[in-house]
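Engineer: Sharing a model prediction with you, sequence too.
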Amino acid sequence: MVNKTDNFRTRFDMKTELGKGATGVVYLAYDNFLHKVVALKLTQLSLFEDDEDGVRNRRMWLNETRLAGKLRHPFIVNVIEYGNSEEFDYLVMEYVSGGTLKQYTTPDKLLPLDRLIDILYKVCNALDYANKTGVLHRDIKPSNVLLGGDNAVKISDFGSAFLLNSDLTQVDTVGTLPFMAPEHFRQSRPTIQSDIYAVGVMAYQLLTGALPFNATSKDALIYQKLHGEAVPLEKRRQDIPQSLRFAVHRAMHPDKEHRYTTWKEFCDDLAAAIPQVARPEEVRFDSSLFGTIRNLSFFANFSDIEVWETVGISRWQQRKANEHIVDEGEVSNSFYIIIGGDAVVTKSGVELSRLSKGDCFGEIAYLDEVRHVRLATVTASSDINLIEIQGDSLQQASDRLQACFAKAFLNIMIARLGAANRKLLLAESNKQQH
């Protein structure tokens, strides 16, 4: 009889060790069942022996297994599966290839400010989602934030997480000292402000290559957190805009009552700093596009997760006044949403309607699964900004996102049908009067 360990070894081809922590070792592996590269976290059962560390490690591991598959967000590492064998337990996770933020925490390796703001914005957005799901991370630090291609950011390691709505015994002594909020040392219950503090300290380190306190020992650091003051950012780096300094200092304020009360507040202040650090060349980061399209009427019924997924499949375009965006009769399955500016819709040279910010066009060709033929011409009547979404990209997106777009398209058609009926009634009324 084949045991679970043999099945495990048949399924996974182990490649190399990626890292290790309190609860196990993470390997790069090829999953012969899923047919893709994964990150595989293995924990030896000996780590759970009945001493103080063993109890803590078991609770941390149970946290990770409890949350497996439950936190679904573009900026949180996806835990695909939990499994066990006679010798060890394991988690199958998505593999993120770009390393962690820790590689950018020294003065000679700092990230550009606009790239860093984009990363922090995404981290805050992911932690906001986790908090709304009832989870506090409690161990945010550069080594727990992974980077991938196309500006991907992924939070990992929820082993220290505090489950807000759980009746189960939770891990108490967790976290990484430099990133732990002062109230932790007063035995206060974890709150959203605890994670906000950690992100503030992480931001400080990524901005300066140093930590906020000049402590030389664990006890000295705890004392400074409780009774001292952090070294101001401007003392360590002169080119940080005032708005960004304000956001970081507020996030890591020693008194939690003076920190941000919501992740949205933190995100808003980070977004406000983006124009002050823009590079001379044209660079658009996902956080900027997210903030722009989040406020468009078309996306009113999309969740933040669905908006982020939309960002990932969108292409930002700028067109000049009088430029044709789509032409009647052409074949294409892409569609557009106007971010700013105006356009006019014509058919055989006759004006049908005018479009403005938040309006969508081109969706009929997308919905026509056989021909994908444009039924009208759309011309920019002013300089215009748009996002273009390829139909093939949407068809590869999540079922949830496809359903959101289908509902939005249906609402557009209902509105257009209502407008057409009103025009017919008005024309009939005018005809009768004459």
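Structural biologist: Done, it's in. Numbering: from 1, shown residues only.
Engineer: Let's verify residue 28: helix, strand, or coil?
Structural biologist: Judged by DSSP: H, G, I helix; E, B strand; the rest coil, the three-state class of residue 28 is strand.
Engineer: can you list the domains in the protein?
Structural biologist: Under automatic domain parsing, the residue ranges defining each domain of the chain are 4-94, 101-283, 289-430.
Engineer: among the ones you listed, which gets the worst mean confidence?
Structural biologist: Least confidently modelled of these is domain 4-94, at a mean of 83 by mean pLDDT.
Engineer: How far off centre is that domain?
Structural biologist: Average the C-alpha atoms of domain 4-94, do the same for its chain, and the two points are 23 Å apart (CA atoms, centre = their mean, to the nearest Å).
Engineer: ok, now stretch 219-236?
Structural biologist: Taking CA atoms, centre = their mean, the mean C-alpha location of stretch 219-236 is offset from the chain mean by 30 Å.
Engineer: list the buried ones in that stretch?
Structural biologist: By 16 or more other CB atoms under 10 Å, the buried positions in stretch 219-236 come out as 221, 222, 224, 225, 228, 230, 233. (C-beta placed from N, C-alpha, C; glycine too.)
Engineer: need these in JSON lines with secondary structure, can you?
Structural biologist: Listed next are these as JSON lines, based on three-state DSSP:
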{"residue": "221", "secondary structure": "helix"}
{"residue": "222", "secondary structure": "helix"}
{"residue": "224", "secondary structure": "helix"}
{"residue": "225", "secondary structure": "helix"}
{"residue": "228", "secondary structure": "coil"}
{"residue": "230", "secondary structure": "coil"}
{"residue": "233", "secondary structure": "helix"}
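Engineer: which two from the residues you listed end up farthest apart in space?
Structural biologist: Maximum pairwise distance among those (CB to CB): 21.9 Å, between 222 and 233.
Engineer: Going along the chain, name the helices of the stretch 301-434 of the chain.
Structural biologist: With DSSP state H, counting those that start in this stretch as the criterion, the stretch 301-434 of the chain has helices at 304-313, 363-367, 391-395, 399-433.
Engineer: Give me the phi and psi angles of the nearest residue to residue 191 once chain neighbours are set aside.
Structural biologist: The shortest distance from residue 191 to any non-neighbouring residue, by CB to CB, 6 or more residues apart in numbering, is to residue 256 (6.8 Å). Per-residue torsions, residue 256: phi -60, psi -20 (degrees, to the nearest 10).
Engineer: Go ahead and flag the most central residue of this structure.
Structural biologist: For the chain, the residue lying nearest the average C-alpha position, counting by CA atoms, centre = their mean, turns out to be residue 75 (3.8 Å).
Engineer: Residue 207 reaches residue 249, doesn't it?
Structural biologist: No. Under the contact definition of CB atoms under 8 Å, residue 207 does not touch residue 249, with a separation of 11.1 Å.
Engineer: out of the two, which sits in the busier spot?
Structural biologist: For residue 207 versus residue 249, neighbours defined as other CB atoms under 10 Å are more numerous around residue 207 (22 against 19).
Engineer: what sits against that one?
Structural biologist: Residue 207 makes contact with 110, 113, 116, 233, 236, 237, 240, 244, 248 under the criterion CB atoms under 8 Å, 6 or more residues apart in numbering.
Engineer: The first one sits in which helix or strand?
Structural biologist: Here residue 110 sits in a region with no helix or strand, counting by DSSP states H and E.
Engineer: residue contacts, it?
Structural biologist: 104, 116, 206, 207, 208, 209.
Engineer: Help me confirm that the last one comes into contact with residue 111.
Structural biologist: Same thing as residue 209. No. Because the distance of 10.7 Å does not satisfy CB under 8 Å, residue 209 is recorded as not touching residue 111.
Engineer: thinking again about what came up before, what would the helices of the stretch 301-434 of the chain look like in a markdown table with mean neighbour count and distance to residue 332?
Structural biologist: Formatted as a markdown table, the entries for those read as follows, by neighbours: other CB atoms under 10 Å; distance: least, CB to CB, whole Å:
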| stretch | mean neighbour count | distance to residue 332 |
| --- | --- | --- |
| helix 304-313 | 20 | 16 |
| helix 363-367 | 19 | 6 |
| helix 391-395 | 15 | 8 |
| helix 399-433 | 12 | 16 |
